[in-house]
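Fold the following.
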Amino acid sequence: MKTRELHKALAFCLGLTILPFAGCQQRDVVDAERDADGDTRIHVDGDAVDSNFEQAEQQFDRAGEEIKEGAQQVGAAVQEGAEQLGDAVQEGAERIEAEVGPVAREVLSDAGITAKVKARLVADPEVNPFHIDVDTVDGRVTLNGKVRSEDVRAEAEKLASRTEGVKSVVNLIQVAGQEPPAPPETGR
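Residues are numbered from 1 along each chain as shown. Okay, here's the model as predicted:
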């Protein structure tokens, strides 16, 4: 990941944490005074409360958009890096095959497929790739982990199956709150 994009992402997060303390105009929202009899009278300026709330809401909306943009930039950089890693692994596999043989190439090819599947998961904003494990053996990808919905589970499988070099996908991802899927039966 490029250092510049990491710094942007960190700046967005820092900005979000200090946002509630910045940018709100200081207006007297609550006034308290004593009358001639010594009774305390409290007045809340509803317009000022509404104004401050609207300003904070606008700032949070802007911060959310900036964080979303930063996350997309970080996701794109991670995807690019993973794709470059996958390409480098493929190139290395080709060189090793010439020296060691096809078995070594198959192992490195599987590592490249795993990297490419992970890159596709990272690039999809709906899928949290940090809760999904990807294992590849002979071009057959197995997905494990836990996700929040059936839609995310299906999207992860679709992304994996559409990745170059993938022969098949076994989706063992569990949806939170549901029973884990049964492992596929193996023919003997």
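
what residue ranges in this protein are flagged as low confidence?
The model of the chain has pLDDT under 70 over residues 1-30, 44, 49, 93, 96-108, 182-183, 185-188.

what's the distance between the residue nearest the centre of it and residue 155?
In the chain, the residue lying closest to the centroid (CA atoms, centre = their mean) is residue 128, at 4.8 Å. According to CB to CB, to the nearest Å, residue 128 and residue 155 sit 11 Å apart. For glycine as for every other residue, the C-beta is placed from the backbone atoms N, C-alpha and C.

Can you get me a residue count around residue 94?
Residues near residue 94, counting by other CB atoms under 10 Å, number 12.

Now find how far off-centre the helix or strand it falls within is within its chain.
Per DSSP states H and E: residue 94 is located in helix 46-99. Distance, stretch centre to chain centre, for helix 46-99: 7 Å (CA atoms, centre = their mean, to the nearest Å).

so what does it touch, helix or strand wise?
Judged by 3 or more CB pairs under 8 Å, 6 or more residues apart in numbering; DSSP states H and E, the packing partners of helix 46-99 are helix 3-18, helix 102-123.

Contacts only, for the residue nearest to the centre of the chain.
Taking CB atoms under 8 Å, 6 or more residues apart in numbering, we find residue 128 in contact with 147, 148, 152.

From residue 177, how far off is it?
According to CB to CB, residue 128 and residue 177 sit 16 Å apart.

And residue 124, by the same measure?
22 Å.

Could you do residue 92 as well?
In this view, residue 92 and residue 177 are 42 Å apart by CB to CB.
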